[in-house]
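# Below is the sequence, then the predicted model.
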Amino acid sequence: MPETIAFLEPKQSVLARRHQIAEDLADILPAGCLISEKRGLVPFETDAFIAYRQVPLAVALPETTAQVAAVLKYCSRYGIPVVPRGAGTSLSGGAIPQSDAVVIGLSKMSRILDIDFANRSATVQAGVTNINISEAVSADGFFYAPDPSSQLACTIGGNIGMNSGGAHCLKYGVTTNNLLGVKMVLFDGTVIELGGKALDAPGYDLLGLVCGSEGQLGIVTEATVRLLAKPEGTRPVLFGFMSSEEAGSCVAEIIGSGIIPVAIEFMDKPAIGICEAFAQAGYPMDVEALLIIEVEGSEAEMEAMLASIIDIARRHGVKTIRESQSATEAALIWKGRKSAFGATGRIADYICMDGTVPLSQLSYVLKKTAEIIDGYGLRVANVFHAGDGNMHPLILYNINDPEDAARAEAAGNDILRLCVDAGGCLTGEHGVGIEKRDLMLHQFTQIDLNQQMAARAAFDPQWIMNPSKVFPLEGRPVA
Amino acid sequence: MSMDFEPTSEMEAADIIRQAAGAGMALAITGGGTRSGFGNRVRGEQVLTARKLSGIVSYNPAEMTMSAKAGTPMVEIEAALAGNRQMLAFEPMDHRGVMATSGEPTIGGVFAANVSGPRRITAGAARDHLLGIRFVNGSGEAIKSGGRVMKNVTGLDLVKLFCGSHGTLGLLTEVTFKVLPLPPAAATIVAFGLDDAQAAAAMAHALSMPVEVSGAAHLTESVRYRFVGSSHPEGAATVLRVEGLPASVAVRAEKLKAAFAQVAPATVLDHEATEKLWRDIRDVKPYADGTQKPLWRVSVAPTAGHQLVAALRLQTGVDAFYDWQGGLVWLRMEADAEADVLRRFIKGLGGGHATLVRASDAVRAAIPAFEQEPASVMALSARIKEKFDPKGIFNPGKMG
């Protein structure tokens, strides 16, 4: 396990009271809602950023907002760090606990509270999975747009924490663009509601600040999200190219021409091989780069848009074009793409980068990424949301070889600096977590970060909410 | 009041603000001043305007982003976009008509007031299109947040916080925002003679169809002739806009017309008429009437809008029409502003808020322009304000 990313020093005063804290929490929570035995805590020691692990002090699994409030009130009284957790699918370590922390898991709050088709909104508890929302409204012709690859498992609470995206946000936006309101609990147990079924709210846009705040401003327990009418039809089409540069410039021209498909996904040769072996989606194996471009609408609309896209692709030397001929084929194409991370995990350990770059820089950044990876003697698979420049190089390594792991981490950091230097940012949808925390000063000045930390302190003056994340440990305000 | 502060650079602005903070001098923050009707009266000792922080910094049509200094006039932005067949998809309203102001609106003012028009129901609000900002905080520090890429979750999203903060957290100096291609075709389906409740149901139905309605408004009988001429059937006009490729606009318009024709006489307006109609709706044309009759902008759940107006009509003289599928209600009071009644009814209908956008000075002095938040949220907002503007020098009183 690499040791380069530090956590805050555990508070000895909290560790010393471990048994008392467990007893007190047991009094606060109903039976079956607290884990404090070592063996039960281990499953909570990490998330999808598996290189780092910390066994927490205790795990609270409240069933109501009032119970969340009671636990937070208790923790703030004694200065106990709190780490919120949905399904634990964070790729940036956002849900990794620390040894002196109480994890508050929202998995028991998984009810859909209200579906309102006339106002096109759904109100759900934070532990509801992303896919559950779309499934609940699908028969009536609606869906919830943001679709992270982990949507079968990840929760709406986690999506709000990280402002999650997905393949289809090119057209429909990310979580923050589809969130109407939340009920949340502040560090001291105060319950507040922001937003609602109206399209905007009075006062400062605190909802916008909370979305993507990585569990540092409070714990969201309920969310009201926007529902959209499902399109008449959707069709993903595969475009194979003999070089990544051609695929990259094709993407730039499609967007530049004023066509905005629902999704433009990119895979390079290693990623194609990995995904095809897993999903047998019919991806072409004789190309260097693959674009999955999805269009939607009526049959005639899809035909018209595809015709324009095919014209552009031909100008960029496309070698293979394959339209899905059935719903089953379409589903397989997406299954391959969405299981890219899982399928990669079958052949090697990996860390997944998430930098975003301006579209004009795509080809350049891909080329430089390959050079960086070569320089460290590593392997990489690229699979990402090309339409909005959100790159996901998967750096393959061996987690049991400390030197290999250190190389992978160093290469990842180089790639993220490259993204920032190309005019982009460290993270497009996975969040900073612990993973990118120590790179924040590459994108921001200390003064920029001080202002963010000041805003954070307006919500959590004690700094007990997920405190090891996002902001570099040095340069924090003195408590 | 002496001469306005008109910095020409961010550094100069920072110097002015640092000195003002040192002296405890309250600053009234403005851009073009065309939206000065927003908020409560500012207790400012000196005006600080972003007007001379002007000019497009970068525009890359193929990347669909633009950066501009905060004081850049909207006409300059719109001309540059039109030259590349692009637009601000959130359709920012021009407030000069209803607020009886003059001068040039600025891009900074659009974002500072989070100004969004009819397309907000599908394209999102101004805040959904703002990608990055630069601002000077109340300590005179120049700060950036966000960036110039479409997806960015790096750090706390101060960009959203600034959008709609009405110059109370800092002076915006530069904004970077998303732009989108102009739709090559557009049409409006109009159904005549529906009452408010029927219109709400019809709009909800239209928004549930797979036709991507990009505007849904109900123009009540009293205002309808200001929008749609008398050559059409009588009564209120319920209007739905579709935009996109010509072939799909034609098909979608037919589908909507067929759905409407079952309940009311319906017609289709062409592209040109559509552009004019929605610009008029955006700018609240019937109430750009040169009067000081109290004008409210009410935001509620779409199906609550008509219930609110029905309840108000039993109590007071009110004229109203609806945008955003019924969720945005423009209310003109014939006499008193009726703030208490209005705000009580909104609460009773499940929540939302009312903003007073116009009234006489006397009325404005007596009524908080913005809806008060619950105490716990208000306390939080006050702490936020203190973290950006510790000396309380930016637009004091405006939002409070």
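Ah, there it is.
# Please report how far the closest residue to A:Pro81 other than its chain neighbours lies from chain B.
Nearest non-adjacent residue to A:Pro81, counting by CB to CB, 6 or more residues apart in numbering or on different chains: A:Ala101, 4.1 Å away. C-beta coordinates here come from the backbone N, C-alpha and C atoms, glycine included. To chain B, A:Ala101 is 21 Å away according to CB to the nearest CB, to the nearest Å.
# What are the neighbouring residues in contact with the residue in the stretch 51-200 of chain B that chain A sits nearest to?
With CB to the nearest CB as the measure, B:Lys160 is the residue of the stretch 51-200 of chain B nearest to chain A, at 2.6 Å. Taking CB atoms under 8 Å, 6 or more residues apart in numbering or on different chains, we find B:Lys160 in contact with A:Thr176, A:Asp205, A:Leu207, A:Gly208, A:Leu209, A:Cys211, B:Arg127, B:Leu130.
# Need the residues you listed in TSV (columns: pLDDT and neighbour count).
Rendered in TSV, the data for these read as follows (pLDDT from 0 to 100; neighbours: other CB atoms under 10 Å in any protein chain shown):
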residue	pLDDT	neighbour count
A:Thr176	97	25
A:Asp205	98	24
A:Leu207	98	25
A:Gly208	98	29
A:Leu209	98	26
A:Cys211	98	28
B:Arg127	98	23
B:Leu130	98	25
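# Which of these fall in strands?
B:Leu130 (DSSP state E).
# Output the contacts of B:Lys160 in CSV, with distance to A:Gly273 appended to each entry.
Converted to CSV, the contacts of B:Lys160 look like this (distance: CB to CB, whole Å):
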residue, distance to A:Gly273
A:Thr176, 35
A:Asp205, 44
A:Leu207, 42
A:Gly208, 40
A:Leu209, 42
A:Cys211, 36
B:Arg127, 42
B:Leu130, 40
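# which SS class is B:Leu308?
helix (DSSP: H, G, I helix; E, B strand; the rest coil).
# ok so, going back, which one of the contacts of B:Lys160 is nearest to A:Val432?
A:Cys211 (14.3 Å; CB to CB).
# Skipping adjacent residues, who's closest to B:Leu161 in space?
Using CB to CB, 6+ apart, the closest residue to B:Leu161 is A:Leu209 (4.8 Å).
# Go ahead and confirm the one you found touches B:Leu158.
Yes: in this structure, A:Leu209 is within contact of B:Leu158 by CB atoms under 8 Å, at 7.4 Å.
# And the residue of the stretch 201-350 of chain A that's closest to chain B?
A:Gly208 (2.6 Å).
# ok, that residue touching A:Asn177?
No: contact criterion CB under 8 Å: A:Gly208 and A:Asn177 do not qualify, at 9.9 Å.
# Contacts only, for the residue nearest to B:Leu161.
By CB under 8 Å, 6+ apart, the neighbours of A:Leu209 are A:Leu217, A:Ala455, B:Leu156, B:Asp157, B:Leu158, B:Lys160, B:Leu161, B:Ile384.
# Grab the nearest non-local neighbour of the fourth one.
It refers to B:Asp157. A:Gly212 (5.3 Å).
# cool, B:Thr316 as well?
B:Glu338 (5.2 Å).
# confidence score at that neighbour?
For B:Glu338, the pLDDT comes out at 95.
# For chain A, see how far away it is.
18 Å.
# Check the gap between that residue and B:Val298 for me.
B:Glu338 is 12 Å from B:Val298, where distance means CB to CB, to the nearest Å.
# Between these two, which has more neighbouring residues?
B:Val298 (26 against 22; other CB atoms under 10 Å in any protein chain shown).
# where does the more buried one land in three-state SS?
Taking three-state DSSP, the label given to B:Val298 is strand.
# show me what contacts it?
B:Gly305, B:Leu308, B:Leu328, B:Val329, B:Trp330, B:Leu331, B:Leu342, B:Ile346, B:Gly352, B:His353, B:Ala354, B:Thr355.
# Is it bridged to anything, and to what?
Beta-bridge pairing for B:Val298 (DSSP bridges): B:Val329, B:Ala354.
# Which parts of the stretch 201-350 of chain A are helices?
A:206-210, A:244-256, A:269-279, A:299-315, A:327-338, A:340-347 (DSSP state H, counting those that start in this stretch).
# Pick the most deeply packed of those helices.
By mean neighbour count, with neighbours taken as mean count of other CB atoms under 10 Å in any protein chain shown, helix A:206-210 ranks first of the helices of the stretch 201-350 of chain A at a mean of 26.
# Just checking the distance from it to the centre of its chain.
17 Å (CA atoms, centre = their mean, to the nearest Å).
# and what of stretch A:319-328?
Counting by CA atoms, centre = their mean, stretch A:319-328 comes out at 28 Å from the chain centroid.
# what sits in contact with each of A:Leu209 and B:Leu158?
With CB under 8 Å, 6+ apart as the test, A:Leu209 and B:Leu158 both reach A:Ala455.
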